[in-house]
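Give me the fold of what follows.
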Amino acid sequence: MFGDLERSRSIAYSAAFIGLIALGGWISVPCIPVPFTLQTLFVLLAGAVMKRKAVIPVIAFVLLGSLGLPVFHNGMAGPAVLLGPTGGYLIGFIFAALVVGLAYEQSSWYMHLIGLTFGTVIIYLFGMGWLMCSLGMGVIPAFTAGVLPFAIGDAIKAGAAYMIAQRLP
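This next block holds a predicted model:
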């Protein structure tokens, strides 16, 4: 293990992204049923920086929160958060990080943009699906409450993740 630079980098990035995703949950604007947060920015950025290994910090983040550490939005914690209206988005973070990471393993800037776009769409699909299940919403109300208010902000966050990732080694 001593001298394994790649492993050390993965551990350091994992710790940093767990902290950043948790911090992003504290930077939030209350909205019903799902708040605006910066968590998606850091999930997308984790995929861009760590490639497919980005699932490690995102899974750890979800596990830590479900075990009771106050890392979810506004310091919330516990399995009830995963069963609440925001649970689908949190699970979607894992798959979004993987998709963005796989896209960033390609050298094409076009693939990077596609990965960021699909990563955001995956978060929406999981979030909408869980809103429909947990709150008994139909497709249109779930889209109106769980996607539409966030689309412009998430496009800006995806653009920010792309620009930040370009400047990192």
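
Now do the strands in this protein.
Counting by DSSP state E, residue ranges of the strands within the chain are 28-29, 36-37.

Highest mean neighbour count out of these?
strand 36-37 (a mean of 20; mean count of other CB atoms under 10 Å). C-beta: built from backbone N, CA, C; applies to glycine.

Mind listing the strands that strand pairs with, and their directions?
The pairing partners recorded for strand 36-37 under DSSP bridges are strand 28-29 (antiparallel).

can you give me how far the strand it pairs with is from the chain middle?
Relative to its chain's centre, strand 28-29 lies at 15 Å (CA atoms, centre = their mean, to the nearest Å).

quick check: mean pLDDT across that strand?
Strand 28-29 carries an average pLDDT of 81.

Please enumerate residues in contact with that strand?
Contacts with strand 28-29, where a contact means CB atoms under 8 Å, 6 or more residues apart in numbering, come from 35-38, 73-74.

To residue 52, which of the strands of the chain lies closest?
Shortest distance between residue 52 and those, using CB to CB, is found for strand 36-37: 24.0 Å.

And the helices in the protein?
Using DSSP state H, the helices found in the chain span residues 5-26, 39-50, 55-66, 79-83, 87-104, 109-135, 139-146, 151-167.

Return the second one as PDB; C-alpha atoms alone will do.
The C-alpha coordinates for helix 39-50 follow below in PDB (Å, rounded to 0.1, in the frame of the first residue of the first chain):
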ATOM      1  CA  GLN A  39     -25.300  18.400  -3.800                       C
ATOM      2  CA  THR A  40     -25.900  17.600  -7.500                       C
ATOM      3  CA  LEU A  41     -22.900  19.900  -8.500                       C
ATOM      4  CA  PHE A  42     -20.600  17.800  -6.300                       C
ATOM      5  CA  VAL A  43     -22.000  14.500  -7.400                       C
ATOM      6  CA  LEU A  44     -21.400  15.400 -11.100                       C
ATOM      7  CA  LEU A  45     -18.000  16.800 -10.200                       C
ATOM      8  CA  ALA A  46     -17.100  13.600  -8.400                       C
ATOM      9  CA  GLY A  47     -17.900  11.700 -11.600                       C
ATOM     10  CA  ALA A  48     -15.800  14.100 -13.700                       C
ATOM     11  CA  VAL A  49     -12.800  13.900 -11.400                       C
ATOM     12  CA  MET A  50     -12.800  10.300 -10.100                       C
END
